[in-house]
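**Student:** Kindly generate the corresponding structure for this input.
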Amino acid sequence: MALEIRKTLLQVETTLIEGGKAAPVPLKLYSAIAVIKNPWAGHGFVEDLKPEIHAAAPVLGALLTKMIIDAVGSGDMVEAYGKSAVVGLDGEIEHASALIHTLRFGNHYRQAVGAKSYLAFCNTRGPANAPVMIPLMDKNDEGRRSHYLTIQTSVPDAPAAGEILIALGASVGGRPHHRIGDRYQDLKDLGNDDVNNPAAV
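**Tutor:** Next comes the predicted model:
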């Protein structure tokens, strides 16, 4: 089944003041969204999702990555990144997951921004105007808490019941007045010898 894209959207949010204090450097958050027809909706339980994943995910990955890079200016400028999908009420969470949890989608973005860390993600189901949450993480340092950010947005008419909303997010900058330290300092304070491993406990 051919990929059917109904609309795309690009949003840029700039935070100039946080907590009543001017940001030393304004935080910019970018989201690129595509609303597509759910290729599996109305077909009952589809066992093999792979043909549609292989057909649609690379197209969506390339499209949304280009939208982000064009808006930001270059891949090098992207500091934190993430992805999200919201499936309409006639679809499964598996459908939302299918199109973003594949290297055929995410590798376009990871390669364009020169990332080492995995893409933070969110996959949910909801009606039109449902919250679209895009968690972000530093593209090269999972322990850098200043870049633990979340883009929240919505599209008034999407996803319809038979649609999927697919999104990529990016930040240029971290939280303006970051002051909660990072995971590495916590590990050191707790006496963990594996202080360079952001996944240590």
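
**Student:** how about residue 54, what does it touch?
**Tutor:** residue 104 (CB atoms under 8 Å, 6 or more residues apart in numbering). Using the backbone N, CA and C atoms, a C-beta is placed for each residue, glycine as well.

**Student:** Show me where this structure has its strands.
**Tutor:** 5-18, 21-37, 80-87, 120-125, 132-138, 149-153, 163-172 (DSSP state E).

**Student:** residues of the first one that come out buried?
**Tutor:** Read it as strand 5-18. By neighbour count on 16 or more other CB atoms under 10 Å, the buried set for strand 5-18 is 9, 11.

**Student:** likewise the fourth one?
**Tutor:** By neighbour count with 16+ other CB under 10 Å, strand 120-125 contains the buried residues 120-123, 125.

**Student:** what does the second one give?
**Tutor:** For strand 21-37, the buried set under the neighbour-count rule, 16+ other CB under 10 Å, comprises 23, 27-37.

**Student:** Then stretch 50-57?
**Tutor:** So for stretch 50-57, counting by 16+ other CB under 10 Å, buried means 52-53, 56-57.

**Student:** ditto for stretch 146-154
**Tutor:** 146-149, 151, 153.

**Student:** how many other residues sit next to residue 91?
**Tutor:** The tally of other residues near residue 91 (other CB atoms under 10 Å) stands at 23.

**Student:** Might you report the residue contacts of it?
**Tutor:** Here residue 91 is in contact with 38, 40-41, 125, 161-162, 164 (CB under 8 Å, 6+ apart).

**Student:** next one: residue 85
**Tutor:** Residue 85 neighbours (CB under 8 Å, 6+ apart): 96-97, 99-100, 122-124, 164-167.

**Student:** One more pass at 7 Å, please.
**Tutor:** Residues in contact with residue 85 (CB atoms under 7 Å, 6 or more residues apart in numbering) are 96-97, 99-100, 123, 164-166.

**Student:** now swap in residue 122 and tell me
**Tutor:** By CB under 7 Å, 6+ apart, the neighbours of residue 122 are 84, 133-135.

**Student:** out of the residues you listed, what pair is the most spread apart?
**Tutor:** Greatest spacing in the contacts of residue 122, by CB to CB: 84 and 135 (7.7 Å).
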